[in-house]
Structures are given as structure tokens and as C-alpha cells.
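Engineer: With the input below, show me the fold.
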Amino acid sequence: MKHNSIYIKYILLFGLVVFLFSFTKQRNNARNLTKTQIEFLDEGSPFITRNTVNKLLIQNYDSVTSIRKDELALKEVESRLLKNDMIRDAEVFITLKGELGAKITQRKPLGRVAASPDYYIDSDGKQMPLSSVYSARVPLITGVTKSNFAQLTPLLVSIEEDSFMKSSVVSLEVDKNGKIVLRLRKHNFKILFGKPVAIANKFQNFKAFYKKTKQDNKLSSYKMINLQFGDQVVATKI
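Structural biologist: Reported below is the predicted structural model:
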């Protein structure tokens, strides 16, 4: 009997704990949210404002404090954020303090296409509209069509990842055969890059040529630098 009594006490105690946990959880879910907490995970200037993100988070509500925790469908909020042209990824959650949090990853423009209207090509090789909040400092691209985005994107990514090329290249001209001409900041010569293949090797060859020619103070003597011949750099003087 004594063992049965102890056993019954444990069952009652367990039941009480479950009841209190369920009651606390239900009461907590019935509470309203306290505020929003927005974090941009990528570096650099935002292409979308915190105010815009906040409006997307609390759409159809007067304020975040009027939203009950158990009324909010987090997946629907995430889906709403991802429909925005400036957002690449979004994670929405509720903190223990009752804050509605959002971690935002913006799309990253790598080049600006001269068109009507202009638009960006982003790091995923997709068309991205211009932002009314911030204008990205990226190379201007002419002659490109949506059909050759896939061929051009690896070159844009490589330019972005190379500190020298990123600070130097101001424009890319794409001809009807898909060959590319690069223009550099503060220099008048053209770089005949050709098709966007062997990119790392062409960058290495050009930078070696640039360094040597700059040391000899002869950069202004050239009008054309051709990188289409393997390991050779063919330079045409003015």
C-alpha cells in the first residue's frame, strides 16, 4: 500500500506539472507581442528600410502590440517578406520576451544594366530592380540580354571578389557574340576580355601586366589590352 501511495503521488505531481506547463504556455500564447526586432545579416547599405520591413511584418494590424502571439502565422510573414524584390532570404521568429524578430538577407547587385528602365544583375544571376533607397556602386553593363545572364554572372562574381578589379572596373560592354570589353576607372584603354572563360587566369595576367607597366610609367601609352590569347597579354599602343 505504501508503494502504491507513493506511485499515486508521483502521478498526481506529474499531472500537476503538465497542467501548469500547459496553462502557462496557453497564457503566454494569448499575450500580445511587445515590439519588432529587425536585423540585416549582410554588410553594406540597405536597399530596403527597416520601416518597410516593419510594415511587412505587421501587415493588416495597427501595430505590433495589437498582435496576439497565437494569431501570427510565421510562415505567412516570411512568405510576404520574400515577395519583396530587395530581399533574398528572411527568417521570422518570436523571442521569449514576446518580440517579433526578423533576420533579413538582402539581394546583392553585381552590375547595373543600361536599359529602359535600368536594372541590376544580382549574385544569383537574376534581374533585380533598382532601389529607391540606395544606389549600388557597381559596373555599368551595356549590350546584355536576359539570355546571357548565366554566362556573365561568373565574371561579375569574380570582379566582386577581387579587390583590385572591384575598385577598377567601371563598365562592361557585351557584343552580339558574347565577347566582353572592360573599362577601368581613371584609364582610357579598353580591355578585350573576350568570352567569360578562364577568368582567374585572365585577371592574373592583366594584373601582372598592369603592375609592370605602371612601374615603368607606360600605362597611358596603350589604347587596347587583349587578354584572349591564353597566357599572353597583347597590348596595342596609341
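Engineer: For my notes, confirm Phe209 occurs in a helix.
Structural biologist: Yes - applying DSSP: H, G, I helix; E, B strand; the rest coil, one finds Phe209 inside a helix.
Engineer: Run through the strands of the protein in chain order.
Structural biologist: 35-40, 87-94, 99-106, 109-113, 119-122, 127-129, 140-142, 169-174, 180-184, 190-194, 222-229, 232-237 (DSSP state E).
Engineer: Dump the C-alpha coordinates for the fifth one into PDB.
Structural biologist: In this case it means strand 119-122. In PDB, the C-alpha atoms belonging to strand 119-122 read as follows (Å, rounded to 0.1, in the frame of the first residue of the first chain):
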ATOM      1  CA  TYR A 119      18.100  47.200 -63.500                       C
ATOM      2  CA  TYR A 120      20.700  45.200 -61.600                       C
ATOM      3  CA  ILE A 121      22.000  41.600 -62.100                       C
ATOM      4  CA  ASP A 122      22.300  40.100 -58.600                       C
END
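Engineer: which other helices and strands contact that strand?
Structural biologist: Other elements packing on strand 119-122 under the criterion 3 or more Cβ pairs under 8 Å, 6 or more residues apart in numbering; DSSP states H and E are strand 109-113, strand 127-129, helix 149-161. For glycine as for every other residue, the C-beta is placed from the backbone atoms N, C-alpha and C.
Engineer: burial count for the closest residue to Gly125 other than its chain neighbours?
Structural biologist: Closest residue in space to Gly125, ignoring its immediate chain neighbours: Thr153 at 3.7 Å, by Cβ to Cβ, 6 or more residues apart in numbering. For Thr153, the neighbour count with other Cβ atoms under 10 Å is 19.
Engineer: Verify the contact between Thr153 and Tyr120 for me.
Structural biologist: No - with contacts counted by Cβ atoms under 8 Å, Thr153 stays clear of Tyr120, the gap being 11.7 Å.
Engineer: thinking again about what came up before, now, of the helices and strands packed on strand 119-122, which is deepest in the fold?
Structural biologist: Most buried of the helices and strands packed on strand 119-122, by mean neighbour count (mean count of other Cβ atoms under 10 Å): strand 109-113, with a mean of 23.
Engineer: That strand pairs with which strands?
Structural biologist: Strand 109-113 has the following strand partners under DSSP bridges: strand 119-122 (antiparallel), strand 140-142 (parallel).
Engineer: could you give the angle of it to helix 149-161?
Structural biologist: 120 degrees (axes from the mean of the first three to the mean of the last three Cα atoms, to 10 degrees).
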